[in-house]
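Trainee: Next come a sequence and a model predicted from it.
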Amino acid sequence: MSDARALVAEMRAALEPLDRRLAGHPYLAALEEGRIAKEKLRLVAGEQHHIIASDLRSIALLLNRHAHLPSRDYLLDLLPGAVAASEALPAFAAAVGASGDGLAAYEPLAGCQAYPAYVAWLALYGTDADFAAAFLVNLPTWGALCERMSAALRGAYGLAPEAVAFFDLFAAPQPEFEAGSLRVIQAGLDRGVDAASVGRAARMIQAYELMYWDALYEASA
């Protein structure tokens with residue numbers, strides 16, 4: 001029987017090189033230095049409009065598939081955060097000149113949308129343990145990058161606090177998230193979920209996270 005804590009520690013160690021690339025991504029450096037044209041920030045709004053809507057449906061689908069398992073409450077707790085993000089995004093979009101109609105009409109980048117496409121795959125074919133592992137490694141990374149984005153958007157671009165509330169939502173500490181994720185992963189391992197599958201989900205989601213920033217930088221620089 002595998003131990004969730006040991007497995008997650010192995011996953012994190014294996015992902016350190018990829019995490020360093022994310023932390024040092026040139027898009028963040030360019031944003032902090034004000035080198036991304038303000039009109040290009042509309043890409044962030046448009047991509048997140050599609051990602052959040054997709055992730056919300058993915059969480060609901062996974063909940064539908066796993067509502068009979070102890071992970072039900074964990075998955076239910078993810079839904080309000082996704083809803084809050086969808087409600088906070090329009091203020092950022094408006095601040096960078098992307099109206100409601102503009103968001104609806106925005107054509108997303110394939111490189112950015114590979115991330116939610118994989119989340120949807122996990123929701124349809126993966127287990128709750130796979131999903132929990134993916135989000136356990138990814139959300140802290142995304143949150144740290146959102147914290148930097150919020151600071152850069154306020155400092156280099158003069159956006160008001162309410163305009164960056166979307167990013168602040170993800171940057172806020174979530175002290176219970178790791179413990180809840182570990183419980184779901186352990187329960188999955190205990191009922192026979194393949195540890196290799198759990199580790200693969202974490203590796204894939206971080207790789208798709210990097211692809212998101214690469215595509216965004218290429219389209220914005």
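Mentor: Received, thanks. Numbers count the residues shown, from 1 in each chain.
Trainee: Enumerate every residue touching Arg65.
Mentor: Contacts for Arg65 (C-beta atoms under 8 Å, 6 or more residues apart in numbering) come out as Ala123. The C-beta positions use only the backbone N, C-alpha and C, and glycine is treated the same way.
Trainee: Over to Pro70?
Mentor: Contacts of Pro70 by C-beta under 8 Å, 6+ apart are 183-184, 187.
Trainee: Also Gly46?
Mentor: Listed by C-beta under 8 Å, 6+ apart, the contact partners of Gly46 are 93, 98, 102-103, 106-108.
Trainee: Give the phi and psi angles for it, as a check.
Mentor: phi -70, psi -40 (degrees, to the nearest 10).
Trainee: Which SSE is immediately downstream of the host helix or strand of Phe135?
Mentor: Phe135 is located in helix 128-155, with elements delineated by DSSP states H and E. Downstream of helix 128-155, the first helix or strand assigned by DSSP H and E is helix 165-171.
Trainee: Outside of the next helix or strand after that next one itself, list whatever touches it.
Mentor: Downstream of helix 165-171, the next assigned helix or strand under DSSP H and E is helix 177-190. Outside helix 177-190, the residues that touch it by C-beta under 8 Å, 6+ apart are 1-5, 7-8, 69-71, 74, 77, 127-133, 135-136, 139, 195, 198.
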